[in-house]
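Visitor: Turn this into a model:
(chains A and B)
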Amino acid sequence: MTEKTIEDINTRIADGSVHVVTAEEMPDIVSQLGPEQAAKEVDIVTTGTFGAMCSSGVWMNFGHSDPPIKMQRLWLNDVEAYTGVAAVDAYIGAAQLSSSRGMDYGGAHVIEDLVSGKSIDIHAISQGTDCYPRKLLDTTLTIEDLNQAIMMNPRNAYQKYASASNSSNRLLHTYMGTLLPNCGNITYSGSGVLSPLSNDPEYRTIGFGTRIFLCGTQGYVTGEGTQHDPNDQFGTLMVQGDLKKMDKKYIRAATFNGYGTSLYVGIGIPIPILNSDLAKATAVTDANITTSILDYSVPQRDKPVLRNVTYEELKSGMIDINGHEILTSPLSSFHDARSIATELKEWVKQGKFYPTLPVERISSTRVCKPMKQIKEQLMVVDVMATRITTIRQGLCIEDAAKIIMESSFSHLPVVSEEDKLVGIITAWDIAKAVAENKYNKLDDVMTKDVIKAEATEPIDIAACRLDQHNISAMPVIDKHSKVVGIITSDDFSKLVARRRDK
Amino acid sequence: MKILLYATPDIIARPLIAETVLETGALLNVDRADIKPSGGEIVIDVPQNRYNEVTAALIKRGANIIPLEHPVIKDDEECINCGACISVCPTGVISFDDEWCVVMDVSKCVQCGMCMTMCPHGALKVVKE
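Guide: Here you go, the predicted model:
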């Protein structure tokens, strides 16, 4: 049994005899030599990932102005930073949007501009105190002018990530990119074979205090990341490093159209091969890492799984869903993940980087819970009007006009013999038909592709749908497509008013 | 090769393309058409050997023609080779090379602009001039 210590490995780095390979090279080595011999020969396996990591940001200390200010609210290039700490400390988060430029510019862009050495406009306000009398501050500074700029990312380096597609007939803009209608494309994230946590899923060497490659400089793992979920192979890391030493190549601002800003963070983690178990773990391949393609057209926490896939399949560029070949797109850069793993390998070989073992291990069993919600989620059935008037399919528009006049409903769901929803007709449709001199059957005038709500869906989702389609009412159906009610924008307005009153 | 045709509102209602096909006998393929009251923007695939005749026939009818030599431009400083753009392109312009670098065959581009919408890094630009 091979058992090496971290000191053995670091001695080899110092004398130049260390054997380092990337996680892409390791599977072949282990399959040729077996884990035992591989553990003897290989000292370190380097991993890498370069993708969008929204939970990223930077702690800054500005030094004191004269007269001094306790910054109560602070903006950097119009992007607000968190100041609920000491007077001139603040945290800028990657996903915070600019108050003037919206999604085109956010905290991520401020961070990238800082790294690039650009000037940043600072605006701060305060109510003024005896010790910090200043109420307003405007200045311009670069990263050099900050005492500290410490990158501190609460959740980075997801072990793997769920892949995304969209079965609806609407184009979706998500944090997984633009998703074409009718499952027109699939997006995914993560570096698969090079993923740091997929190469050490037991957290034997990656833990509190592990030295890592962070955006082109040396950084540290400071613990488990938020939403760490190792049980489901969705582990995450919290990391820290000195922004002043980082390289713009590995820290890049991004905007996901219609979603917001994020930061591409480059992370590489060396895994010291202390024994055959670690050799075996680092022999993981894209084919061994599975994830699910989720349907993002369902705007709920638990999205339906369209199918399970491996990273090997995702990286092939084409996935079969129900007999259709669909193009895939990564959102993270495998090219740059490989550069990171290779650069880290060179650092170790040249004696510029010495790996460490963790001072404390990260939990490999913790479970990530959903949010506790104390107010019961209202469903469409709770707010819809149940007194409804429908019209039978096959009648003519005069009949519809009469019913609308008698019932004072301006939206009439059209139903089949079996009471199933087949269309909707509004006062406007009738006016239009009359204006165009089309006294036809209902079927020719009604809208057949009805925007509808389901009785059992949360009201927030139904409200979103009204907004998206810019309509004022939707028929509500049960699971058999029977019309059971109608929900209008008035119902939502009343509800919001009631919530406010409480 | 592809051309971008601009037609002003006064001529957009005329069968410019049909007339050009009849006059030249060249088989034209309309890749994308965006017709608005303010005018039309149409991408047409023209057989390479009939290019001069076809463009002359369209210009004669009052259309403004731009050859799409560089329909979409990638800023290599901004591109991080993620490949997010690949799956939204309807004509297969974008792919990875063996090194996982994003490469483009711009001759297929119809300037729909989806790649520009998708790119998280603002690295792609559809050029319409």
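
Visitor: Next up, the contacts around the residue of chain B most remote from its centre.
Guide: Distance from the centre of chain B peaks at B:Glu99, with 27.8 Å (C-alpha atoms, centre = their mean). Listed by C-beta atoms under 8 Å, 6 or more residues apart in numbering or on different chains, the contact partners of B:Glu99 are A:His335. All C-beta atoms are positioned from the backbone trio N, CA, C, and that covers glycine.

Visitor: Please apply the same query to A:Leu274.
Guide: Neighbour list for A:Leu274: A:3-6, A:9, A:39, A:204-205 [criterion: C-beta under 8 Å, 6+ apart].

Visitor: now do 7 Å
Guide: Residues near A:Leu274 by C-beta atoms under 7 Å, 6 or more residues apart in numbering or on different chains: A:3-4.

Visitor: Distance of it relative to A:Val305?
Guide: According to C-beta to C-beta, to the nearest Å, A:Leu274 stands 37 Å off from A:Val305.

Visitor: mind checking the SS state of the residue farthest from the centre of chain B?
Guide: Under DSSP: H, G, I helix; E, B strand; the rest coil, B:Glu99 falls in the coil class.

Visitor: excluding its backbone neighbours, what's nearest the residue nearest the centre of chain A?
Guide: Closest to where the C-alpha atoms of chain A average out (C-alpha atoms, centre = their mean) is A:Tyr175, at 4.8 Å. Distances taken as C-beta to C-beta, 6 or more residues apart in numbering or on different chains place A:Tyr259 nearest to A:Tyr175, at 4.9 Å, with adjacent residues excluded.

Visitor: Please pull out the lowest mean pLDDT helix or strand from chain B.
Guide: Sorting the helices and strands of chain B by mean pLDDT, DSSP states H and E puts helix B:9-12 at the bottom, at a mean of 88.

Visitor: Now the element after that helix, going C-ward?
Guide: Proceeding N to C from helix B:9-12, the next assigned helix or strand is helix B:16-24, under DSSP states H and E.

Visitor: Tell me which other helices or strands that next one touches.
Guide: helix B:51-60 (3 or more C-beta pairs under 7 Å, 6 or more residues apart in numbering or on different chains; DSSP states H and E).

Visitor: tell me what the helix it packs on is packed against?
Guide: Using 3+ C-beta pairs under 7 Å, 6+ apart: helix B:51-60 touches helix B:16-24, strand B:64-67.

Visitor: tell me which residues in it are buried?
Guide: B:53-55, B:57-58 (16 or more other C-beta atoms under 10 Å in any protein chain shown).

Visitor: wait, which of the residues you listed is closest to A:Ile404?
Guide: Closest approach to A:Ile404 among those (C-beta to C-beta): B:Leu58, at 51.0 Å.

Visitor: Show me which residues of chain B sit near chain A.
Guide: With C-beta under 7 Å from any C-beta of the partner chain as the criterion, chain B meets chain A at residues B:80-88, B:99-101, B:117-118, B:120-121.

Visitor: Need the max-distance pair from those.
Guide: Maximum pairwise distance in the residues of chain B next to chain A, criterion C-beta to C-beta, is 26.1 Å, between B:Glu99 and B:Thr117.

Visitor: what's the residue closest to the geometric middle of chain B?
Guide: B:Val110 (3.4 Å).

Visitor: For that one, which non-adjacent residue is closest in space?
Guide: Once flanking residues are discounted, B:Val110 sits nearest to B:Asp31: 4.0 Å by C-beta to C-beta, 6+ apart.

Visitor: does that neighbour sit in a helix or strand, and which one?
Guide: Per DSSP H and E: strand B:29-36 holds B:Asp31.

Visitor: What count of nearby residues applies to residue 118?
Guide: Just going to use chain A. Neighbourhood size, A:Lys118 [other C-beta atoms under 10 Å in any protein chain shown]: 13.

Visitor: let's do chain B instead
Guide: By other C-beta under 10 Å, the residues close to B:Met118 number 27.

Visitor: you'd agree it is up against B:Ala84?
Guide: Yes - contact criterion C-beta atoms under 7 Å: B:Met118 and B:Ala84 qualify, at 5.2 Å.

Visitor: what residues are shared contacts of these two?
Guide: Residues within reach of B:Met118 and of B:Ala84 at once, by C-beta under 7 Å, 6+ apart, are A:Gly177.

Visitor: ok so A:Cys168 is a strand residue?
Guide: Actually, residue A:168 is Ser rather than Cys. No - assessed with three-state DSSP, A:Ser168 is coil; it does not lie in a strand.

Visitor: Output the set of residues of the stretch 301-450 of chain A in proximity to chain B.
Guide: Applying C-beta under 7 Å from any C-beta, we find that the stretch 301-450 of chain A lies next to chain B at A:327-336, A:338.

Visitor: Let me see the ranges of the strands in the stretch 101-250 of chain A.
Guide: For the stretch 101-250 of chain A, the strands defined by DSSP state E, counting those that start in this stretch occupy A:102-106, A:120-125, A:136-141, A:148-156, A:163-165, A:172-174, A:177-179, A:186-188, A:207-208, A:211-214, A:217-224, A:237-242.

Visitor: Mind giving me the packing neighbours of the second one?
Guide: Using 3+ C-beta pairs under 7 Å, 6+ apart as the contact test, the elements touching strand A:120-125 are strand A:73-76, helix A:107-115, strand A:136-141.
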